[in-house]
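**Student:** how would this look folded up:
(one chain, ligands or ions: 1)
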Amino acid sequence: MEHAAEDRPGTLTALAAAEEACTRCPLYRDATQAVPGEGARHAPLMLVGEQPGDKEDIAGHPFVGPAGSLLDRALADAGIDRETTFVTNAVKHFKHENRGKRRLHKRPNASEIDHCRWWLDIERDIVRPRVVVALGATALRSLLGRTVSVSSLRRTVQTMDDQARLVATVHPSSLLRVRDRDDKAAKYADFVEDLTRAAKLICER
Ligand code: URA
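**Tutor:** Numbers count the residues shown, from 1 in each chain. Model prediction:
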């Protein structure tokens with residue numbers, strides 16, 4: 001995606017305003033508002049989700065719904081204080097379809113992810129995290145600029161172009177969908193392990 005360098009906001013406040021005015025892809029039309037990333041200005045750890053959900057779209061804040069509650073619990077279990085992190089999404093507007101009174105989440109497509117990458121790149125430039133956690137495949141595509149499965153990178157540590165370390169894990173929503181109790185507990189433990197690995201990386205250099 002081509003953009004002029006002078007269009008790049010230099011602060012998180014300016015960035016949030018620019019995201020709110022964004023019409024680069026059609027998703028802004030049906031969303032309540034853009035949901036900017038938020039957290040510590042120079043957070044060493046950035047967590048990147050997919051896109052705001054129904055609750056986030058209304059509240060204007062990332063990860064405040066059910067997936068956010070699970071993420072908060074996992075962060076606490078990994079010894080990470082969410083206040084010290086920067087939490088954001090690959091796509092800033094809620095993509096959904098209306099079914100009666102319900103708004104059903106729809107996955108952003110490659111074009112929507114790639115258009116919104118501009119904003120995530122600027123967030124990374126401003127915050128400069130040492131470690132970035134991709135929560136699921138959409139975040140991974142945005143961060144790497146190509147489609148890569150989470151399973152192929154899970155338990156590895158990648159180094160990105162700006163030298164930040166990249167840890168890939170599942171999206172917390174995927175854990176909410178697991179029915180079997182043992183399976184759920186095992187998958188949750190793996191998720192916490194990934195977050196713990198990310199936290200340890202912060203201290204590594
Ligand atoms: N899922 C996401 O990926 N991000 C949110 O902010 C909420 C749910």
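**Student:** enumerate the residues of this protein near the ligand.
**Tutor:** Within the chain, the residues that sit near the ligand (Cβ under 6 Å from any ligand atom) are 49-53, 56, 62-63, 65, 67-68, 89, 173. C-betas here are computed from N, CA, C, even on glycine.
**Student:** show residues contacting stretch 56-67.
**Tutor:** Defining contact as Cβ atoms under 8 Å, 6 or more residues apart in numbering, one finds that stretch 56-67 is touched by 31-33, 35-38, 47, 49, 52-55, 68, 71-72, 87-89, 93-94, 96, 103, 171-173, 176.
**Student:** which members of those residues are positioned in strands?
**Tutor:** 38, 47, 49, 87-89, 96, 103 (DSSP state E).
**Student:** which of those lies closest to the ligand?
**Tutor:** Of all the ones in strands among the contacts of stretch 56-67, the one with the least separation from the ligand (Cβ to the nearest ligand atom) is residue 49, at 2.8 Å.
**Student:** next, count neighbours for residue 123.
**Tutor:** Residue neighbour count, defined by other Cβ atoms under 10 Å, stands at 25 for residue 123.
**Student:** all strands for the chain, in order.
**Tutor:** All strands of the chain, identified by DSSP E, fall at 38-39, 45-49, 85-89, 96-99, 102-105, 131-135, 158-159, 165-169.
**Student:** export the ones you listed to a markdown table and tack on mean neighbour count and mean pLDDT?
**Tutor:** As requested, the strands of the chain are exported to a markdown table (neighbours: other Cβ atoms under 10 Å; pLDDT from 0 to 100):
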| stretch | mean neighbour count | mean pLDDT |
| --- | --- | --- |
| strand 38-39 | 19 | 98 |
| strand 45-49 | 28 | 98 |
| strand 85-89 | 26 | 98 |
| strand 96-99 | 12 | 96 |
| strand 102-105 | 14 | 95 |
| strand 131-135 | 27 | 98 |
| strand 158-159 | 12 | 97 |
| strand 165-169 | 24 | 98 |
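**Student:** will you turn the ones you listed into a markdown table that also has distance to residue 79?
**Tutor:** Formatted as a markdown table, these follow (distance: least, Cβ to Cβ, whole Å):
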| stretch | distance to residue 79 |
| --- | --- |
| strand 38-39 | 17 |
| strand 45-49 | 12 |
| strand 85-89 | 12 |
| strand 96-99 | 34 |
| strand 102-105 | 30 |
| strand 131-135 | 14 |
| strand 158-159 | 23 |
| strand 165-169 | 15 |
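**Student:** show me which of the ones in strands among the contacts of stretch 56-67 is closest to residue 137.
**Tutor:** Taking Cβ to Cβ as the measure, residue 137 lies nearest residue 49 of the ones in strands among the contacts of stretch 56-67, at 11.3 Å.
**Student:** quickly list what the closest one is bridged to.
**Tutor:** Beta-bridge partners for residue 49, by DSSP bridges, are residue 89.
**Student:** next: residue 167.
**Tutor:** Using DSSP bridges, the bridge partners assigned to residue 167 are residue 133.
**Student:** if I look at it, how far off is residue 90?
**Tutor:** Relative to residue 90, residue 167 is positioned 15 Å away (Cβ to Cβ, to the nearest Å).
**Student:** out of the residues of the chain next to the ligand, which end up buried?
**Tutor:** Listed as buried from the residues of the chain next to the ligand are 49-53, 56, 62-63, 65, 67-68, 89, 173; burial here means 16 or more other Cβ atoms under 10 Å.
**Student:** since that was my last question, I'll sign off now.
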